[in-house]
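Student: Take this sequence and fold it.
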Amino acid sequence: MKIIIFGANEIGAMIASQFYTANDITIIDDEKNKIDAFNKLDISFVDGNASNIEILKQANIKSADVFIACTDSDEMNIVSSLTAKRISNVVTMCFVRKEEYKSSLGITRDAEYNCDFYVDNVIWPEELLTQEIFRIITVAKALDVENFAGGKARLLEYKIAENSPLVNKQVKHCDFPKDTLIVGITRNDELFIPTGETSLHQEDKVIFMGLSHSLDVLAGKFFHEKEFVKTVAIIGGGNVGLKLAKSLEDLRLEIKIIERDEDRCMELSEQLQSSLVIHGDGTDLELLNEEDIASSDVVVSVTNNDEKNLLCSLLVKQLGAKRVISRVSKNNNVCLFEKVGVDIAISSKNASLNEIKSNLCGTNMGILATVEQGKGEVLRILLNEDFETKRIMDLKLPAKGIVGVIQRRNRIIIPNGTTQIMGEDSLIIFTLSENADAIREFFKVK
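Tutor: Numbers count the residues shown, from 1 in each chain. Below is the predicted model of the structure:
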């Protein structure tokens, strides 16, 4: 597949790094904007602006399959995407930072407007980030949450606490509820797929897949899921803070939101129904104490500044906050935030990369989610109708992976080694990102 990326920035480098080994990648941007990360990749580079038809032709836009515009300018992304669409049959993906642009670009695909060209996929990173934070907040103690099969199946990630009954137990002896599987473990920043002989250690981040109800039972038994979230404090009243507060209000949670800009506080008060809007600075220790922010079940810091988010998070953690989630703009800061005490650090760039990976795959072989900063992938494989029926233990996959969920018509199955898979089954498979292509290729030729 030939992919053209307009934007030699961090997100452009992340996209290129994910796809360059198996695809033909061309980057378009001014040479002065190119970051060092691109020097390590075997890719082509065109110096210029992709809003210019001649530059697009120089990059061979007519032979491209996908065009991704991810510069720091919404206007350049939109113009280049529409231009690419006008002169080629390429699939376009356009990054925007303003909600009104996302709404307008979505409308252009409506037949009522009779447009001949449009943007296929509009990516608003702040919206994707908000959705991810919302999922994590609504499942107490979870580090990551993904829903599959219309919410009937889930992926949940938890950290093994010091006093957990799972510490030093082998997986085969953990007595996990029926219809749940442990599919991955991150230990010392390394993700691996466990076996029944694997022992669980304190601080392990463990990934489970299973039926939603069974995972609720698992959480209640081992991870204290009964501690339901009732109160949330949000530091930062920008787009993410506002959208998150609106979503949480729908669940009738008690929300406090701190914003330093007085005019923005007025806007928040007008748009929110029940949230308490506090005018102040989230780094003000006296304010945090007065408003008892640390007593909230979850504190979320979502300003647009990494340093401020880190400081706010550490302050409320020091004051006794039980669970702190922080927004991270620079992807390299995710591990740093978590190492110094932030419970969950989330990058909008990672959320955007997940969206792109999902959209780039075909209907029958898509990526449903990535975990642990892209180290693991959840694949959806729709088997052909002539696929030979066989037990999972007899599959002989070319790389390590776990079939976590089988969707057979309206039935959801959490399999074991003796479970049979058959033609037209939809498989949800967990594997390491480095093995994903091999697993997809295996099922493609069957």
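
Student: Only C-alpha atoms from now on, for both contacts and neighbour counts.
Tutor: OK.

Student: Quick one: list the elements packing against the strand or helix carrying residue 263.
Tutor: In this structure, residue 263 sits in helix 262-271 according to DSSP states H and E. For helix 262-271, the helices and strands in contact under the criterion 3 or more C-alpha pairs under 8 Å, 6 or more residues apart in numbering; DSSP states H and E are strand 276-279.

Student: next structured bit after the strand it packs on?
Tutor: Counting by DSSP H and E, the next helix or strand C-terminal to strand 276-279 is helix 285-290.

Student: quick one: low-confidence parts of the stretch 101-250 of the chain?
Tutor: 106-117, 224-227 (pLDDT under 70).

Student: what about residue 424, neighbour count?
Tutor: 16 (other C-alpha atoms under 10 Å).

Student: Make 224 the first number, not 1, from now on.
Tutor: Noted, 224 is the first residue going forward, which turns the last one into residue 647.

Student: Now do the contacts for residue 291.
Tutor: Contacts for residue 291 were tallied using C-alpha atoms under 8 Å, 6 or more residues apart in numbering; they are 226, 227, 228, 229, 304, 315, 316, 317, 318.

Student: Residue 227 touches residue 248, doesn't it?
Tutor: Yes: counting by C-alpha atoms under 8 Å, residue 227 touches residue 248, with 5.9 Å between them.

Student: that's a strand at residue 363, yeah?
Tutor: No: under DSSP: H, G, I helix; E, B strand; the rest coil, residue 363 falls outside any strand and is assigned coil.

Student: Dihedrals phi and psi, residue 344?
Tutor: When quoted as degrees, to the nearest 10, the phi and psi of residue 344 stand at phi -130, psi 120.

Student: Leaving aside the residues adjacent along the chain, what's closest to it?
Tutor: With sequence-adjacent residues excluded and distances taken as C-alpha to C-alpha, 6 or more residues apart in numbering, residue 344 is closest to residue 316, at 4.6 Å.

Student: quick one, which of residue 227 and residue 248 is more surrounded?
Tutor: Higher neighbour count among residue 227 and residue 248: residue 227, with 28 against 24, using other C-alpha under 10 Å.

Student: and residue 298, how far is that from residue 304?
Tutor: 10 Å (C-alpha to C-alpha, to the nearest Å).

Student: Those two: which is more packed in?
Tutor: Higher neighbour count among residue 298 and residue 304: residue 304, with 28 against 14, using other C-alpha under 10 Å.

Student: from the chain's centre, how far out does stretch 522-534 sit?
Tutor: Centre-to-centre, stretch 522-534 and its host chain are 19 Å apart (C-alpha atoms, centre = their mean, to the nearest Å).

Student: picking that back up, shouldn't the residue nearest to residue 344 be within a helix?
Tutor: No: read with three-state DSSP, residue 316 is strand and lies in no helix.

Student: which residues touch it?
Tutor: Counted by C-alpha under 8 Å, 6+ apart, residue 316 has contacts 289, 290, 291, 292, 304, 342, 343, 344, 345, 346, 579.

Student: C-alpha coordinates for stretch 348-367, CSV please?
Tutor: Provided in CSV are the C-alpha atoms of stretch 348-367 (Å, rounded to 0.1, in the frame of the first residue of the first chain):
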residue,chain,number,x,y,z
PRO,A,348,-7.5,14.1,18.5
GLU,A,349,-9.2,15.8,21.4
GLU,A,350,-12.4,14.0,20.8
LEU,A,351,-10.7,10.6,20.7
LEU,A,352,-8.7,11.5,23.9
THR,A,353,-11.9,12.5,25.7
GLN,A,354,-13.6,9.2,24.7
GLU,A,355,-10.7,7.2,26.0
ILE,A,356,-10.6,9.1,29.3
PHE,A,357,-14.3,8.6,29.7
ARG,A,358,-14.1,4.8,29.2
ILE,A,359,-11.3,4.6,31.9
ILE,A,360,-13.2,6.7,34.4
THR,A,361,-16.4,4.7,34.2
VAL,A,362,-14.6,1.5,35.0
ALA,A,363,-13.1,1.9,38.5
LYS,A,364,-9.4,1.0,38.8
ALA,A,365,-9.0,0.1,35.1
LEU,A,366,-5.9,1.3,33.3
ASP,A,367,-7.5,0.7,29.9
